[in-house]
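S.K.: Give me coordinates for this.
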Amino acid sequence: MPIATPRAFRLSIAAAIAVATASPSVVPDAAASSPPLAQRAGAELLWDSFGVPHIFAPDDVALGRAFGWAQMQGHADLILSLYGQSRGRAAEYWGGTENEDSDVWVRRMGIPANAQAWYRAQDPAFRKYIDAFVGGMNAWAASHRGEITDSLEVVLPVTAMDVLAHGQRVLAAAFVTSPDRVRAYTRPWERGDLKAAAGEAAAADAAAAASAAGSNAWAVAPKKSASGRAMLLANPHLPWSGLYTWFEAQLVAPGMNLYGATLVGSPVITIGFNDRLGWTHTVNTHDGQDLFELTLDGDGYRWDGAVRPFTVRAETLLVKQKDGTQAKRTLVVKASVHGPVVAERPGAALALRVVGLDRPRAWKEWWDMGHARTLPEFRAALGAMQMPMFTVMYADRDGRIMHLFGGLTPVRSRGDWGYWSGVVRGDSSATLWTRTHTLAELPSLTDPATGWLQNANDPPWTTTLPIVLDPTKYPPYMAPRGMPFRPQRSARLVGAEGKLDFEDLVRRKHDTRMELADRIVEELVAGTRQRGNDLAKRAADVLERWDRTADADSRGSVLFDAWWREMTRRSRGATPFVQPWDAARPLETPAGIADPATATRALESAAADVEKRFGALDVPWGEVHRLRRDGVDLPANGGSGSLGIFRVTDFGEPDASQKKVASFGDSFVAAVEFATPVKAQTLIGYGNWSQPGRHRTDQLALFSRKELREAWITRAQIEAHLEKRETIAAAPAR
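M.R.: This is a model prediction of the structure:
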């Protein structure tokens, strides 16, 4: 069925694209500017057998066009859905309460309006690249109408503003802050319960940390590497669908040969490596959002001893009804000097202030990072200070490694991490921040004597051990202190005595041993045998025999996981350990079960539940935890970071058969050694495409077997595993 699009769009697209299947000239490795390719008008797009696009282009505009084409081929429906949401028009297009809530959040944050300003603020050459990226998307849509879900065609044609709005939504309105996190504060605050507001927000943060939203990263220097070459591990943990879906690609053009991945709908590689260097990210313990409590006075709020009016704007939201008609909703957005008001109660309001909405060139910063050839060039790219947050972990062929606590941290006049994690009084300019710290002021460590760096969403102070970065040399609000179990496992794996070779790096990346279990299982078993009932003692026998992993065939892991959940519930927020975490003993604390009797009762309860649901206390982990997509059903491995598992896989609620399906965790993975040529293995467990058909399940078996696949980087490798060849014609001159 034809897409109902403006005539000008149809004509421009019809003239813009030509797809040919003739074999193009061969291009030497990493030489996109060589004469055979440079003489062609468009870009060559080679799809390998895992659905990864390798784009060889004569210039940046051709590269952008082909990258937009490739993303639509793999993710057209998802991209159109995400762009529709970023317009703040999802309810208009598709209806539903969830879409209406999304529109309110996007509009309240000012994202659609900001997109126009962000587009104007782009570097002219990079603006052309974004325009080309969008042109490639629309070109693919025009020639593949039948492959797009009918209800999503309403978003076409997409625009450069959609790309920039999507970027704001992902970076500032999903990573830095989010509607869920804001609601964790505002709901109890609206009831006047500030203690509950702070507690629920802390619980939301803890839940995010426990589920490991944000990832693992290692950098290994030559002195720690068996080959004498630096190595990098990229291992983000994100949901396996929607806004956080990864797309793997290789982009080759004059001055660039970059391999890596980006979140779908983004125009540049955001985690990647070239033949000289590479980087990855984790979600850092970064505070770039604050809620300010305002005292209302008439139609305004108290500010420095006077009354200041809110700025107010009204927007019309359209909500599609079941009969196809559109209902109108009026959204009134009030804003203080801090930012938009997100909640009100009699006499008070909460205003949200978020970093990053005034930094329109984050995509350009990543673009420049991908072009860098040395650490100084890479740091110069970071100096643009456009990314709102993220740890940056780096390694290069020169043997340099670096960890940067990146992003935009506000310069605050007072208070520590705990003070700014709660609701802050907003009636005075004394608490209003207007500047952020410079790159030089952020915690960073380069080439440590240990030869290794790690981050697993822990604060920057424990990036290598013994601790080198001194937190007392930074503002007390910069980052908290502490090292959860997953970062401890991370440091233990990468920092163990001896040197690592590439195979060690990959093997240790897949480690599923539970650091928490190593800390307390023996004590739990001994205490249960003293005071437990017969069922608990049988459970103790299972735990004593258990290998303390979350491998698919591990027996005892389901029981231990159930016990920890029950123990956490019974602890009601109190620490279950005798000894808290101690920076002087970062890999040995916390330790000791604080309440052995409660631990035993929790094991009795967990054992009864496990035996009832599965018929055995030692049911294998992989029998309960599954990898499922499109009819593929395989045993899973890995588990929650709260258990101290490095290989994170999180699961949804049990289905009718009590099985849990993986939905979060290890997503894009890259292990890289900066040899000549670069050696790399990668994986996206849920597949590189979300469109129906190919490449949605072809990597699940590798995930189940704890394997990566070789990244095909050279021309010979790509040709040897070629699935399809396309030539994407250049856009016609205007």
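
S.K.: Wait, A552 touches G639, no?
M.R.: No. A552 lies out of contact with G639 (C-beta atoms under 8 Å); the separation is 11.2 Å. Every residue, glycine included, has its C-beta placed from N, CA and C.

S.K.: Name the residues contacting each of these two.
M.R.: 621, 625 (C-beta atoms under 8 Å, 6 or more residues apart in numbering).

S.K.: Name the single longest helix found in the protein.
M.R.: Using DSSP state H, we find that the single longest helix of the chain is helix 60-86.

S.K.: before we move on, back to that, what about A552 and G639, which has more around it?
M.R.: Using other C-beta atoms under 10 Å as the criterion, A552 and G639 rank with G639 on top: 27 against 23.

S.K.: ok, and the closest non-adjacent residue to the more buried one?
M.R.: A550 (4.0 Å; C-beta to C-beta, 6 or more residues apart in numbering).

S.K.: Check I520 too.
M.R.: Nearest non-adjacent residue to I520, counting by C-beta to C-beta, 6+ apart: I593, 5.8 Å away.

S.K.: just checking, the one you found touches E523?
M.R.: Yes. Here I593 reaches E523: they are 5.4 Å apart, a contact under C-beta under 8 Å.

S.K.: If you count surrounding residues, which of these two has more?
M.R.: For I593 versus E523, the count of surrounding residues by other C-beta under 10 Å is larger for I593: 18 against 15.

S.K.: is the more buried one in a bridge, and if so with what?
M.R.: Bridge pairing for I593 (DSSP bridges) gives the partners F577.

S.K.: got a pLDDT number for it?
M.R.: For I593, the pLDDT comes out at 97.

S.K.: How much space separates it from R492?
M.R.: Separation of I593 from R492 (C-beta to C-beta, to the nearest Å): 21 Å.

S.K.: Name all residues that make contact with A226.
M.R.: Contacts for A226 were tallied using C-beta under 8 Å, 6+ apart; they are 499-501, 504.

S.K.: For it, give me phi and psi.
M.R.: Dihedral angles of A226 (phi, psi; degrees, to the nearest 10) stand at phi -60, psi -30.

S.K.: neighbours around A656, how many?
M.R.: Number of residues near A656 (other C-beta under 10 Å) recorded here: 5.

S.K.: Roughly how far does it sit from R613?
M.R.: In this view, A656 and R613 are 12 Å apart by C-beta to C-beta.

S.K.: How far does stretch 290-298 sit from its chain's centre?
M.R.: From the chain centre to the centre of stretch 290-298 is a distance of 32 Å (C-alpha atoms, centre = their mean, to the nearest Å).

S.K.: what's the offset of stretch 536-543 from the middle of its chain?
M.R.: Averaging C-alpha positions (C-alpha atoms, centre = their mean) puts stretch 536-543 38 Å from its chain's average.

S.K.: and that stretch, which residues are buried?
M.R.: For stretch 536-543, the buried set under the neighbour-count rule, 16 or more other C-beta atoms under 10 Å, comprises 536-537, 539-543.

S.K.: Quickly name whichever of these is closest to G96.
M.R.: A539 (44.6 Å; C-beta to C-beta).

S.K.: Tell me the helix or strand right after the helix or strand the closest one falls within.
M.R.: Assigned by DSSP states H and E, A539 belongs to helix 534-545. On the C-terminal side of helix 534-545, the closest following helix or strand by DSSP H and E is helix 557-571.

S.K.: what sits up against that following helix?
M.R.: With C-beta under 8 Å, 6+ apart as the test, helix 557-571 has contacts from 514, 516-517, 521, 524, 539, 542-543, 546, 548-551, 576, 595, 598-599, 601-603, 605-607, 609-610, 614, 617-621, 624, 639-640, 642-643.

S.K.: how about 7 Å then?
M.R.: Helix 557-571 is contacted from outside by 514, 516-517, 539, 542-543, 546, 549-550, 576, 598-599, 602-603, 605-607, 609-610, 617, 619, 621, 624, 639, 643, using C-beta atoms under 7 Å, 6 or more residues apart in numbering.

S.K.: centre of the chain versus it, how much separation?
M.R.: Computed by C-alpha atoms, centre = their mean, the separation of helix 557-571 from the middle of its chain amounts to 27 Å.

S.K.: Any buried residues in that helix, and which?
M.R.: Quick answer for helix 557-571 (16+ other C-beta under 10 Å): 557-567, 571.

S.K.: so it versus helix 534-545, what angle?
M.R.: 120 degrees (axes from the mean of the first three to the mean of the last three C-alpha atoms, to 10 degrees).

S.K.: can you count the residues close to A597?
M.R.: When neighbours are counted by other C-beta under 10 Å, A597 registers 11.

S.K.: Just to be sure, it is in a strand?
M.R.: No. Judged by DSSP: H, G, I helix; E, B strand; the rest coil, A597 forms no part of a strand; its state is helix.

S.K.: Do you know the pLDDT at the closest residue to it other than its chain neighbours?
M.R.: Distances taken as C-beta to C-beta, 6+ apart place R531 nearest to A597, at 6.6 Å, with adjacent residues excluded. R531 is assigned 95 on the pLDDT scale.

S.K.: isn't R531 right next to R601, touching?
M.R.: No. If you go by C-beta atoms under 7 Å, R531 and R601 don't touch, sitting 9.0 Å apart.

S.K.: quick one, which of these two is more surrounded?
M.R.: R601 (19 against 14).

S.K.: Tell me the secondary structure at that one.
M.R.: Strictly by three-state DSSP, R601 counts as helix.
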